[in-house]
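> structure of the sequence below:
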Amino acid sequence: MGINIDVWRARIGCFTQPKGTKRELIHGIKLCGGLLSRQLHILLIAALLLLLSGNVERNPGPRTTRQSQLAVSASGVRHTGVQGNSDHGDILRGIEEQLKSLNTRFTNFETSLQTIRDEQSDMWREMDKLTDANAAQSQKVEQLESQSRRENLLFFGIPDDGGKENSNDSEEKVRDFLKTKLEVESSRADCIPIERAHRLPTKRHPRPIIVKFSAFKDREYVSKIAKEKLSGNREVRVSPDFTQAVRNTRRQLGKLLQTYREKGEDCYISYDKLVVNNTVYTYDWDKDSLREVGRRRIPPASRASPTPSRARDRSGTRRESPGQYSRRRDSLDNSQHS
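Residues are numbered from 1 along each chain as shown. Take a look at the predicted model:
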């Protein structure tokens with residue numbers, strides 16, 4: 001009895017693609033299942049499955065140089081990737097710690113900056129209070145200085161003997177000035193009480209004489225006569241003793257006064273104010289311009305006709321005061337009688 005071909009092939013192995021169907025091949029394997037060990041059976045099944053796939057090389061042989069290099073490169077890349085991932089993790093952890101430290105420092109900086117801002121705001125408020133207090137004190141000092149000068153008058157144009165003149169000499173020259181220039185009676189000029197009189201230390205020649213009267217009414221009397229007798233005289237004149245701030249303000253107002261007069265406006269300076277058509281202005285140093293502060297109150301008796309000393313006719317010529325008119329009338333009467 002001969003050996004079945006399928007059994008023989010199963011015993012010696014198969015090195016070519018079987019021509020039979022897959023069913024027949026599996027049936028032959030079942031026949032020799034009792035002869036092969038369990039491990040060989042598993043290996044044969046795996047080999048058959050690989051052969052059935054048709055895409056596996058039967059005997060690949062040893063690796064070429066190129067394949068070895070690629071394998072080594074792949075292994076190095078995997079090792080470097082693992083090591084690189086570890087290094088990157090350390091770097092990221094370091095960056096996170098630095099960011100936390102920076103956030104903490106930034107928060108502390110914001111807190112300190114807010115504290116500084118609060119302290120600065122308090123300082124500015126205190127500075128504003130001190131500025132207001134200083135302005136109020138300066139205004140009080142200015143008022144006190146003005147009050148202390150209210151009995152003073154400055155006499156310009158009195159001959160100067162140089163440094164040899166003393167207070168008594170200055171007083172005598174002032175009394176002589178009252179008699180000759182202001183035409184004050186000798187009896188009254190000698191009786192006007194003067195506390196002190198002396199030259200001011202200025203480069204102007206002749207140096208002006210400052211006089212402090214004992215009574216304010218005597219000072220006003222001399223000032224009123226000087227306005228009438230010395231009107232328009234710039235060399236020989238009598239002026240009030242203003243403070244430096246008032247003098248600076250009047251100097252600026254004087255420039256504007258000339259402009260308004262050229263326009264034909266009725267204007268004059270009263271202390272540190274400019275009155276234009278009964279509107280009172282003061283000089284604003286911050287804005288370098290005039291600032292309206294109110295209107296001049298006109299007495300009911302003088303509203304119908306302007307004040308004689310400041311009245312003007314239609315041609316713009318200032319009208320004469322009642323005193324000037326009476327003196328001119330007396331001189332005309334005396335000339336007619338003579």
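
> please look at residue 283 and residue 291 and confirm they touch.
Yes: using C-beta atoms under 8 Å, residue 283 makes contact with residue 291 at a distance of 7.5 Å. Yep, even glycine has a C-beta here, placed from its N, CA and C like the rest.

> for those two, indicate the residue with more neighbours.
residue 283 (20 against 11; other C-beta atoms under 10 Å).

> mind checking what secondary structure that one has?
Judged by DSSP: H, G, I helix; E, B strand; the rest coil, the three-state class of residue 283 is strand.

> please list all residues in contact with it.
By C-beta atoms under 8 Å, 6 or more residues apart in numbering, the contact set of residue 283 is 249, 252-253, 272, 274, 289-291.

> and the two most separated of those residues?
Based on C-beta to C-beta, the longest span within the contacts of residue 283 runs between 272 and 289 and measures 15.3 Å.

> higher neighbour count, these two?
residue 272 (18 against 11).

> retrieve the pLDDT associated with the more buried one.
Note for residue 272: predicted pLDDT of 87.

> need the contact partners of whichever strand or helix holds residue 224.
Assigned by DSSP states H and E, residue 224 falls within helix 216-229. Helix 216-229 has contacts (C-beta under 8 Å, 6+ apart) with 150-153, 178, 181-184, 192-193, 213, 237-238, 240, 321, 323-324.

> same deal with stretch 257-274?
Contacts of stretch 257-274 (C-beta under 8 Å, 6+ apart): 245-246, 249-250, 253-254, 256, 275-277, 280-283, 290, 293, 306, 310, 312, 316.

> inside helices: which ones of these?
245-246, 249-250, 253-254, 256 (DSSP state H).

> for these, which single residue is the most surrounded?
Neighbour counts for the ones in helices among the contacts of stretch 257-274 peak at residue 253, which has 23 neighbours (criterion: other C-beta under 10 Å).

> report the contact partners of it.
Contacts of residue 253 by C-beta under 8 Å, 6+ apart are 269, 272-274, 283.

> what's the closest of these to residue 127?
residue 283 (26.4 Å).

> per-residue confidence for the closest one?
89.

> bridging residues for it?
Assessed by DSSP bridges, residue 283 has beta-bridge partners residue 290.

> quick check: it vs residue 293, distance?
10 Å (C-beta to C-beta, to the nearest Å).

> in the chain, which helix or strand is least confident?
helix 322-337 (a mean of 47; mean pLDDT, DSSP states H and E).

> and the residue lying closest to residue 254 once chain neighbours are set aside, its phi and psi?
In this structure, residue 254 finds its nearest non-sequential neighbour in residue 269, 6.8 Å apart by C-beta to C-beta, 6 or more residues apart in numbering. Main-chain torsions, residue 269, degrees, to the nearest 10: phi -100, psi 130.

> could I get the ones in helices among the contacts of stretch 257-274 as a markdown table with distance to residue 160?
Converted to a markdown table, the ones in helices among the contacts of stretch 257-274 look like this (distance: C-beta to C-beta, whole Å):
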| residue | distance to residue 160 |
| --- | --- |
| 245 | 28 |
| 246 | 26 |
| 249 | 29 |
| 250 | 25 |
| 253 | 30 |
| 254 | 26 |
| 256 | 33 |
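
> now the strands for the chain?
Assigned by DSSP state E, the strands in the chain fall at 152-156, 194-199, 209-213, 237-240, 267-270, 273-276, 279-284, 289-295.

> quick one: which of those strands is nearest residue 113?
strand 279-284 (38.6 Å).

> and the angle for the closest one with strand 289-295?
Interaxial angle of strand 279-284 relative to strand 289-295 (axes from the mean of the first three to the mean of the last three C-alpha atoms, to 10 degrees): 140 degrees.

> flag every buried residue along strand 279-284.
Residues of strand 279-284 classed as buried by neighbour count (16 or more other C-beta atoms under 10 Å): 281, 283.

> how about the CA coordinates for that strand, as PDB?
C-alpha atoms of strand 279-284 as PDB (Å, rounded to 0.1, in the frame of the first residue of the first chain):
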ATOM      1  CA  THR A 279     -16.500 149.000  34.500                       C
ATOM      2  CA  VAL A 280     -13.700 148.000  36.900                       C
ATOM      3  CA  TYR A 281     -10.900 145.700  35.700                       C
ATOM      4  CA  THR A 282      -7.900 144.200  37.400                       C
ATOM      5  CA  TYR A 283      -4.700 142.900  35.800                       C
ATOM      6  CA  ASP A 284      -4.500 139.100  35.700                       C
END
